[in-house]
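Novice: no FASTA, just this:
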């Protein structure tokens with residue numbers, strides 16, 4: 001056992017200056033005469049062979065740099081510990097049992113030494129029981145009466161008229177009273193750390209959501225009515241749905257209906273060409289549809305936690321097509337879906353092989369022109385890092401920066417931070433150490449827990465109790481087409497950004513020197529969404545603390561994905577918009593929210609209007625690619641990488 005473990009995954013100890021790509025090692029170790037994105041060769045890489053997967057061809061110097069780097073032998077004892085935790089993680093959706101135990105131990109021990117809090121909880125329980133008992137006769141008789149407790153505004157589980165009839169009205173009100181009591185019990189206990197309090201309250205909410213009366217046939221009046229009305233056929237359909245879903249999940253297959261939304265066929269169909277490829281990304285240039293275009297091209301940097309085509313879904317809701325049809329030259333990064341071979345790719349690789357190399361390519365095709373850059377989610381964070389680095393180097397090619405649902409400060413990262421502490425990160429790192437990456441299903445479990453009522457239990461009720469299969473949409477199909485995260489990159493991202501917040505505090509280092517977001521001078525357009533559980537809008541709003549850049553901040557309704565995919569004509573959309581000049585006084589988010597005017601409709605037109613204001617006129621469209629500069633067409637969009645599973 002020790003012998004086998006000693007050599008296992010030894011590569012995870014390779015220094016970041018020389019990773020699995022020798023080219024990356026050469027770029028990091030050689031002295032540069034100027035900024036990386038301006039070198040004659042793209043970031044120390046030889047030009048990719050158009051016929052090779054990911055352009056893995058390397059120069060002899062790169063290969064020498066790679067082979068010269070020694071690797072440390074893994075400690076067998078440590079490897080055994082990691083293997084044990086990695087195995088446990090397969091059964092816990094990547095959530096650390098130790099982290100949960102520590103949170104509950106902190107809460108339970110402090111509660112046990114707080115007799116005043118215990119007395120208060122006892123009194124609350126008695127008051128709630130008495131209120132329910134007093135209301136019970138009137139509620140059960142069916143006579144009109146006000147409910148004992150109202151659901152929270154965002155809780156729509158008990159809105160139907162069937163829930164207002166006895167005995168179900170009493171059942172759901174008893175459940176809500178119990179839920180309210182548990183909230184009081186898990187919060188406000190003196191001495192419990194804020195993080196542990198949030199974890200305990202969140203976990204208890206998940207437990208209560210699991211046993212909600214909505215989820216059971218006997219206590220759900222709508223499911224009972226459907227069963228009586230259909231003679232049980234709804235339950236039979238639900239059983240068939242459950243079996244089909246289980247069979248697909250067990251076999252690693254996508255959900256039913258996703259086959260109707262294939263990239264390049266029904267979605268991601270905007271015409272374009274792949275004009276550059278390396279081991280980490282493909283760069284797509286979209287074909288113009290207008291005789292003239294805005295002088296400044298747009299480079300889109302999506303997150304690699306998702307496939308890029310959320311921004312190029314169906315033609316009617318494609319942001320890419322919307323931009324192209326309005327006279328913009330659009331370039332877009334399509335990320336490689338990493339495997340175990342890519343375990344040692346880090347944040348630095350995504351910066352150099354991704355954003356910086358894409359900028360250099362765009363400059364080769366549209367020379368002597370500044371670039372409007374857009375980053376979405378994690379891609380926006382990476383774009384902010386690149387912008388700060390280029391500003392430090394003194395030669396930024398950026399005309400403007402647009403950040404969609406992207407955080408730069410992670411101190412208030414929302415409920416996603418519940419899964420991030422030292423214990424949880426160590427557990428997650430051991431899972432990734434074993435696999436070489438974080439699997440999409442493990443990521444999906446955490447995201448679904450953030451909105452378990454909407455994403456888990458609502459689906460269980462509708463598809464398995466009611467027997468009603470929700471129709472597949474392009475957005476749902478895209479959501480099921482998930483990606484993986486490399487071991488090193490995801491560990492660096494969670495530790496350095498989420499846990500230590502080094503980027504916003506000016507401690508994020510590139511080439512051994514820290515970068516500072518306040519060095520960015522390009523105007524910024526930041527879009528946040530009201531119901532975002534991944535990048536809460538108040539966290540995104542902290543961009544306004546960068547006093548040296550002009551910031552236009554927009555808050556639109558919707559969530560992390562649906563709020564961004566908000567084409568003109570989408571019903572029920574609205575947004576708030578404000579502009580803060582460089583050096584202007586800061587306004588706190590709550591004051592801003594109360595003062596900002598609401599505008600009805602999609603946010604896309606307002607953003608493109610802002611882009612036109614930053615433009616220097618219209619010109620003839622550039623060619624697709626630049627063969628003379630080493631960027632020939634490598635094939636039509638959507639390319640290869642988006643099809644990787």
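Specialist: The structure has been received and is ready for your questions. What you see is a predicted model, and the numbers here were worked out from it, not measured in a lab.

Novice: What sits closest to residue 543 if chain neighbours are left out?
Specialist: By the measure of C-beta to C-beta, 6 or more residues apart in numbering, the closest residue to residue 543 outside its immediate chain neighbours is residue 526, 5.0 Å from it. C-beta here means a position set from N, CA and C on the backbone, and glycine is covered the same way.

Novice: That neighbour: how many residues sit nearby?
Specialist: Residue 526 sits with 23 neighbouring residues when counted by other C-beta atoms under 10 Å.

Novice: what's the answer for residue 455, then?
Specialist: Counted with other C-beta under 10 Å, residue 455 comes out at 14.

Novice: give me phi/psi at it?
Specialist: Backbone torsions of residue 455, given as degrees, to the nearest 10, read phi -100, psi -20.

Novice: Residue 611 versus that one, what's the distance?
Specialist: Going from residue 455 to residue 611 by C-beta to C-beta, to the nearest Å gives 34 Å.

Novice: How about residue 160?
Specialist: As judged by C-beta to C-beta, residue 160 and residue 611 stand 45 Å apart.

Novice: Contacts for the helix or strand hosting the residue nearest to residue 543 next, please.
Specialist: For residue 526, the host element (DSSP states H and E) is strand 524-529. Applying C-beta atoms under 8 Å, 6 or more residues apart in numbering, the contact partners of strand 524-529 are 400-406, 535-537, 540-541, 543, 546, 549-560, 562-564, 603, 607, 610.

Novice: Three-state assignment for the nearest residue to residue 627 once chain neighbours are set aside, please.
Specialist: Using C-beta to C-beta, 6+ apart and skipping the chain neighbours, the partner closest in space to residue 627 is residue 633 (8.0 Å). The assignment at residue 633 comes out as coil when based on DSSP: H, G, I helix; E, B strand; the rest coil.

Novice: Wait, residue 633 touches residue 623, no?
Specialist: No: between residue 633 and residue 623 there is no contact, the gap being 9.8 Å when judged by C-beta atoms under 8 Å.

Novice: thinking again about what came up before, ok, the strand holding residue 526: who's next to it in the sheet?
Specialist: The strands beside strand 524-529 in its sheet (DSSP bridges) come out as strand 398-404 (parallel), strand 551-556 (parallel).

Novice: Of those strands, give the one that comes closest to residue 494.
Specialist: In terms of C-beta to C-beta, the element of the strands paired with strand 524-529 nearest to residue 494 is strand 398-404, at 19.9 Å.

Novice: what is the mean pLDDT for the closest one?
Specialist: Model confidence over strand 398-404, given as mean pLDDT, is 98.

Novice: what sits against the nearest residue to residue 315 once chain neighbours are set aside?
Specialist: Distances taken as C-beta to C-beta, 6+ apart put residue 321 closest to residue 315, at 5.8 Å, once the chain neighbours are dropped. Applying C-beta under 8 Å, 6+ apart to residue 321 gives the contacts 270, 312, 315.

Novice: Counting neighbours, which of those residues comes out on top?
Specialist: Taking other C-beta under 10 Å to define a neighbour, the member of these with the most is residue 312, carrying 32 neighbours.

Novice: Surely it and residue 266 touch.
Specialist: No: applying C-beta under 8 Å, one finds residue 312 not in contact with residue 266, separated by 11.5 Å.

Novice: picking up where we left off before, do you know how far the residue nearest to residue 627 is from residue 109?
Specialist: Counting by C-beta to C-beta, the gap between residue 633 and residue 109 amounts to 65 Å.

Novice: Three-state assignment for the residue nearest to residue 315, please.
Specialist: For residue 321, the assignment made with three-state DSSP gives helix.

Novice: right, and the strands paired with strand 524-529 - which one's nearest residue 415?
Specialist: Using C-beta to C-beta, the nearest of those to residue 415 is strand 551-556, at 18.8 Å.

Novice: quick one: buried residues of the very next helix or strand once past that closest one?
Specialist: Note on strand 551-556: by DSSP H and E, the next helix or strand toward the C-terminus is strand 574-580. Taking 16 or more other C-beta atoms under 10 Å as the neighbour-count basis, strand 574-580 is seen to contain the buried residues 574-578, 580.
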